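A.B. asks: below: sequence and its predicted model.
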Amino acid sequence: MQAGTISGLPAAGPTMSADRWIGPKITPEEYLSSNTGLYVVDAQGILATLYRDRPEQTDARKEYNPAFIANYAISACRSYVKTRDEKARETFRKQLDWLLAHGENRTFGDVAARLYPYTFDWVKFDLKAPWVSGFAQSLIGVAFACGADATGEDKYRQGAIAAFSALRIPVSNGGVATFSKDGAWFEEAAKQDFPSIKILNGHLTAAEGLKNFIDWKPNPVFRELWEKGVRAVAENIAEFDSGYMSYYAQYPVGRKDSWELSGRIGYNALHSILLTNLYAETGNPIFLDYALRFAAYETPDLLVTTAGSTAPDTNGPDRVNMVLGNDYWSHGTFPTWVKIDLGDIYRVRGLHLVAHTDASAPRAYAISTSLDDRSYKKAVARSDNVATRITEKWPEKKARYIRINIDSDNGNQNVTLKGVYPIRKEAYGAVVATPESMTVRNMPALGLSENGWSAPAKGWIAFRRDALPRFVKRVEFSPAMEGKVSVRSSQSLDDLPVSPAMELSCRKAEDLCMLDLTRVQGGFVHVAWEMPGAVKPLVLRLR
């Protein structure tokens, strides 16, 4: 699919709704309490971040991160707009005035910008201070725009323009953008002579913040820049798909097998949310396609059991979950085994495995499949693996169980696995929804669980019909409210927006509002609803 025509921007009103600004949708007090041990507020009322990322440190060190200060300002500004609480107003003004005092002016041709350098190294990328960030510039721009909208003060409006103008300047000239023929990538980690590493959530967030700004104050120059940022996603998104998880960034450059994986219930889910938002803004099906792909990496419902665990309470089989980071299973007794129950019989073609370290990766192992957990047939055997990320493929076999018998690791004497992802012919269930209603821990695929997904009174979901579990026959809303549900379906994502709509009415007298999926034709389905009588969030279930 090719990048499509970007829809026109909505007309901006005199002020923005508090909920429209990107950034944390919680109070400043909640922002601090939800990140206990990460932030402190200094004697001047400015947010500081506590870092513990260097082995030589004995105590946390305090740094001023411009992006986090901007987030804190946005949360306080949003709270002030909603409540007119003077403490919130004082909080966001202090952050914004601190930012105004700590920026650096930079020009490029006729572009005048104000950049906010980081004064500490980014250890992960060996990026030495000072460096700048398109991610931070956009959040700072939004913080200033919200401040200007809330107070009417022109210094904040000018601050927003100057912060966003940094996105117009190439990294090679001290800015934060890498320009292609038709696109612009907003680098989260930017410095002259530092390569483009294309951190995905950083670019998507920067583009979303820029869209916030032009929704508030339409501007043809910034609109064209946003469109270039959108095209850059369409140009590059396929490179971020590993086949079982999205990549966090393209680092180290030229070594795709070493790019950092995002991890479930984290950046991978965030990528899906941000791409869904981009689809809602543009209507370009490529963004819905990859939002669904990445959402599918969140959903495998696998039961993992093992022969044993070195530390069952902290590193048991439940840690074979693709959350990554420091979530991993380990066992130091060989031979050992890991068994995966797929929950149903599928046509299995292979298996992705991710270990914690090179030394703890399985070296000698055999993978077998079974229909009944009694009779196993060997699919592949390996005696010399040294990779941390393993992909094994074999001729398609029907199976419900996959067993990995492990005879040795690569010298750690304690084998580890962070995650497994079976390769099967049947697609994994994936659901995306109205972007504002999704969070990393509240993805709409929860609609497949007993408790369901907390759905807004007005919203939509999209999914692949053939990717849902076989038991799913309908969509349920409860409690049933007066309202309407509109359903579109098509064989391709390109045709989904223009396919005929089927209307379903919901009535208060019914316990549930139900959509019979057996009546829905086509591989892709879009369900939109509006139930204005809902006082509390609806519960949506895919049954």
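C.D. replies: That came through fine.
A.B. asks: give me the low-pLDDT residue ranges for the stretch 51-200 of the chain?
C.D. replies: The stretch 51-200 of the chain contains no residues with pLDDT under 70.
A.B. asks: could I get the CA-only coordinates of the helix or strand that contains residue 377 as PDB?
C.D. replies: Counting by DSSP states H and E, the element that carries residue 377 is strand 376-382. Provided in PDB are the C-alpha atoms of strand 376-382 (Å, rounded to 0.1, in the frame of the first residue of the first chain):
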ATOM      1  CA  TYR A 376       5.600 -35.500  19.800                       C
ATOM      2  CA  LYS A 377       7.300 -35.200  16.400                       C
ATOM      3  CA  LYS A 378      10.600 -33.500  16.100                       C
ATOM      4  CA  ALA A 379      10.500 -30.400  13.900                       C
ATOM      5  CA  VAL A 380      14.100 -29.200  14.200                       C
ATOM      6  CA  ALA A 381      17.300 -29.800  16.100                       C
ATOM      7  CA  ARG A 382      20.300 -27.500  16.700                       C
END
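A.B. asks: distance between that strand and the chain's centre?
C.D. replies: 35 Å (C-alpha atoms, centre = their mean, to the nearest Å).
A.B. asks: between the helix or strand just after that strand and strand 376-382, how big is the angle?
C.D. replies: Heading C-terminal from strand 376-382, the first helix or strand you meet, by DSSP H and E, is strand 389-409. Here strand 389-409 points in a direction 100 degrees away from that of strand 376-382 (axes from the mean of the first three to the mean of the last three C-alpha atoms, to 10 degrees).
A.B. asks: direction included, what does the following helix or strand past strand 389-409 pair against?
C.D. replies: Using DSSP H and E, the helix or strand that directly follows strand 389-409 along the chain is strand 415-417. Here strand 415-417 is paired, per DSSP bridges, with strand 329-331 (antiparallel).
A.B. asks: the partner strand: what's the following helix or strand?
C.D. replies: Downstream of strand 329-331 (by DSSP H and E), the next one is strand 336-354.
A.B. asks: next, the angle from that next one to strand 376-382.
C.D. replies: Using the same axes, to 10 degrees: strand 336-354 against strand 376-382 is 60 degrees.
A.B. asks: and strand 336-354, how far out from the chain middle?
C.D. replies: Taking C-alpha atoms, centre = their mean, the mean C-alpha location of strand 336-354 is offset from the chain mean by 25 Å.
A.B. asks: partners of that strand, with directions?
C.D. replies: In the sheet, strand 336-354 lines up with strand 303-306 (antiparallel), strand 389-409 (antiparallel), strand 419-424 (antiparallel) (DSSP bridges).
A.B. asks: buried residues in the helix or strand that the shortest one is followed by?
C.D. replies: The one in question is strand 303-306. Downstream of strand 303-306, the first helix or strand assigned by DSSP H and E is helix 312-315. Across helix 312-315, burial judged by 16 or more other C-beta atoms under 10 Å covers residue 315. Bear in mind the C-beta positions are built from the backbone N, C-alpha and C, glycine included.
A.B. asks: stretch 407-427 now?
C.D. replies: In stretch 407-427, counting by 16+ other C-beta under 10 Å, buried: 408-410, 412, 414-424.
A.B. asks: what is the nearest of these to residue 174?
C.D. replies: Among the buried residues of stretch 407-427, residue 418 lies closest to residue 174 (C-beta to C-beta), at 38.8 Å.
A.B. asks: before we move on, back to that, out of the strands paired with strand 336-354, deepest packed?
C.D. replies: strand 419-424 (a mean of 21; mean count of other C-beta atoms under 10 Å).
A.B. asks: next helix or strand past that one?
C.D. replies: Counting by DSSP H and E, what follows strand 419-424 is strand 431-433.
A.B. asks: list the helices and strands that next one packs on?
C.D. replies: helix 268-282, helix 285-296, strand 458-464 (3 or more C-beta pairs under 8 Å, 6 or more residues apart in numbering; DSSP states H and E).
A.B. asks: and these: which comes nearest residue 437?
C.D. replies: strand 458-464 (5.4 Å).
A.B. asks: tell me what angle the closest one forms with helix 268-282.
C.D. replies: Using the same axes, to 10 degrees, strand 458-464 lies at 110 degrees relative to helix 268-282.
A.B. asks: pairing partners for strand 458-464, with directions?
C.D. replies: Strand 458-464 has its sheet partners listed here by DSSP bridges as strand 431-433 (antiparallel), strand 524-530 (antiparallel).
A.B. asks: on that earlier part again, which parts of the strand holding residue 377 are buried?
C.D. replies: Buried, per 16+ other C-beta under 10 Å, within strand 376-382: 376, 379.
A.B. asks: residues contacting it, please?
C.D. replies: Residues from elsewhere that reach strand 376-382 (C-beta atoms under 8 Å, 6 or more residues apart in numbering): 362-370, 392-394, 397, 401, 403.
A.B. asks: what strands line up against that strand, and which way round?
C.D. replies: Taking DSSP bridges as the criterion, strand 376-382 forms sheet pairs with strand 362-370 (antiparallel).
A.B. asks: for the residue of the chain positioned farthest from its centre, give me phi and psi.
C.D. replies: Residue farthest from the centre of the chain, counting by C-alpha atoms, centre = their mean, is residue 375 at 39.8 Å. Main-chain torsions, residue 375, degrees, to the nearest 10: phi -100, psi 120.
A.B. asks: ok, residue 173 - contacts?
C.D. replies: 108, 192 are the contacts of residue 173 under C-beta under 8 Å, 6+ apart.
A.B. asks: any idea how far it lies from residue 109?
C.D. replies: According to C-beta to C-beta, to the nearest Å, residue 173 stands 9 Å off from residue 109.
A.B. asks: can you give me the helices in this protein?
C.D. replies: Secondary structure of the chain by DSSP state H: the helices cover 28-33, 66-83, 86-101, 134-151, 154-165, 200-216, 220-236, 268-282, 285-296, 312-315.
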